[in-house]
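>>> what's the 3D shape of this:
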Amino acid sequence: MATMLLKGQTALVTGGSSGIGRAIATAMAAAGATVAVNHRAGAERAAKLVDDILSAGGSAFAVEADVSDEATIERMFEEIITRCGRLDILVANAGLQMDASFQAMSLADWRKVIDVNLTGQFLCARAAVRQFLAQEELPHLSRARGKIICMSSVHEVIPWAGHVNYAASKGGVMLMMKSLAQEVARERIRVNGIAPGAIRTPINREAWETPEGLEKLLRLIPYGRIGEPEDVAKAAVWLASDESDYITGTSLFVDGGMTLYPGFEDNG
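Alright, predicted model coming up:
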């Protein structure tokens, strides 16, 4: 049985219907939180996840919103507060890739990735901070007034040719997270980031689905295995709990050592 580190708290997980978001929503529900599972177009997947959480004895519901749209974000937060009365945790996880060589990248694809990956996290974090400051503090639930976890990537520090819009968005997420953490720390709002490496999700299926692809990928991972969504989910639960109460403004890399630059392990 999971340790109830988040008992009685309410968590919002954006992009929660699949991949890493699904694993985080499942883990937070198992840790005792009521989880709002955000989705944009994955209503069936979100409903299935909610059913799975409820069947396991947890608490969850689905909420639809496009994280890049300010009005729908405001409506989503209103729905959560109406249903739950408060919000304790935001996991700003929703994100996408639209890859192209730099000279072929369209302005539309640049803007779409920035709008979802960076502006979407800004809009959700801003709404969460406003709610944290407006609601009653309940120290028996959490020592912090509120917790925000920004989903970044190893590409907040590792350049990624052919994915300039994605890498730029994650670099922006990192400095937004740190700047926000600095600004709201005195209010006892904790803001941290998770920077996953190669995780076995549908978004990067071609990198791990074949033996050849997996062998090539593992050259970049000193620990010798691909990450699972549950690896990220466990980190998210810990960052949202009082176990990490003195941690804010930090990127937690969940990458099997990818940021250790394994190409230099034999002295370059």
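>>> Please pull out the lowest mean pLDDT helix or strand from this structure.
Least confident element among the helices and strands of the chain, by mean pLDDT, DSSP states H and E: helix 205-208 (a mean of 78).
>>> Who are the packing partners of that helix?
When contacts are defined as 3 or more CB pairs under 8 Å, 6 or more residues apart in numbering; DSSP states H and E, helix 205-208 sits against helix 211-218. Backbone N, C-alpha and C define where each C-beta goes, glycine included.
>>> ok, and what's touching the helix it packs on?
Counting by CB atoms under 8 Å, 6 or more residues apart in numbering, the neighbours of helix 211-218 from elsewhere in the structure are Ala198, Glu206, Ala207, Trp208, Gly224, Arg225, Ile226.
>>> And the average pLDDT for that helix is what?
Averaging pLDDT along helix 211-218 gives 89.
>>> and that helix, which residues are buried?
Residues of helix 211-218 classed as buried by neighbour count (16 or more other CB atoms under 10 Å): Leu217, Leu218.
>>> chain center to that helix: distance?
For helix 211-218, the gap between its own C-alpha mean and the chain's C-alpha mean amounts to 26 Å (CA atoms, centre = their mean, to the nearest Å).
>>> What of stretch 7-14?
In terms of CA atoms, centre = their mean, the gap separating the centre of stretch 7-14 from the centre of its chain is 13 Å.
>>> end-to-end on that stretch?
End-to-end distance for stretch 7-14, by CA to CA, to the nearest Å: 20 Å.
>>> Report the mean confidence score over it.
For stretch 7-14, the mean confidence score works out to 98.
>>> Kindly report the same for stretch 76-87.
Here the average pLDDT along stretch 76-87 is 98.
>>> ok so, going back, farthest-separated two in the contacts of helix 211-218?
Glu206 and Gly224 (20.4 Å; CB to CB).
>>> What ranges in the chain fall below the confidence cut-off?
Residues of the chain that meet the criterion pLDDT under 70 lie in 1-2, 268.
>>> same thing but 80
1-2, 202-207, 209, 266-268 (pLDDT under 80).
>>> And the strands in it, which stretches?
Here the chain has its strands, by DSSP state E, at 10-13, 34-39, 59-64, 89-92, 146-151, 189-196, 251-254.
>>> Run through who's touching the second one.
So that's strand 34-39. 9-17, 21, 25, 28-29, 45-46, 49-50, 53, 58-65, 67, 76, 80, 83-84, 94.
>>> Tell me which residues touch Ile81, please.
With contacts defined as CB under 8 Å, 6+ apart, the neighbours of Ile81 are Leu87, Gln131.
>>> what's the spacing between it and Gln121?
According to CB to CB, to the nearest Å, Ile81 stands 20 Å off from Gln121.
>>> next one: Ala43
Counting by CB to CB, the gap from Ala43 to Gln121 is 22 Å.
>>> do Leu175 as well
Using CB to CB, one obtains 12 Å as the distance from Leu175 to Gln121.
>>> mind checking how far stretch 83-91 is from the chain centre?
For stretch 83-91 - counting by CA atoms, centre = their mean - the centre lies 15 Å from the chain centre.
>>> Now do it: distance from first to last residue.
Here the two ends of stretch 83-91 are set 18 Å apart, with distance taken as CA to CA.
>>> ok, residues contacting it?
With contact meaning CB under 8 Å, 6+ apart, stretch 83-91 is reached by 6, 9-14, 16, 21, 24, 28, 33-34, 36, 61, 77, 80-81, 124-125, 128, 131-132, 135-136, 138, 141-142, 146-149, 151, 236, 240.
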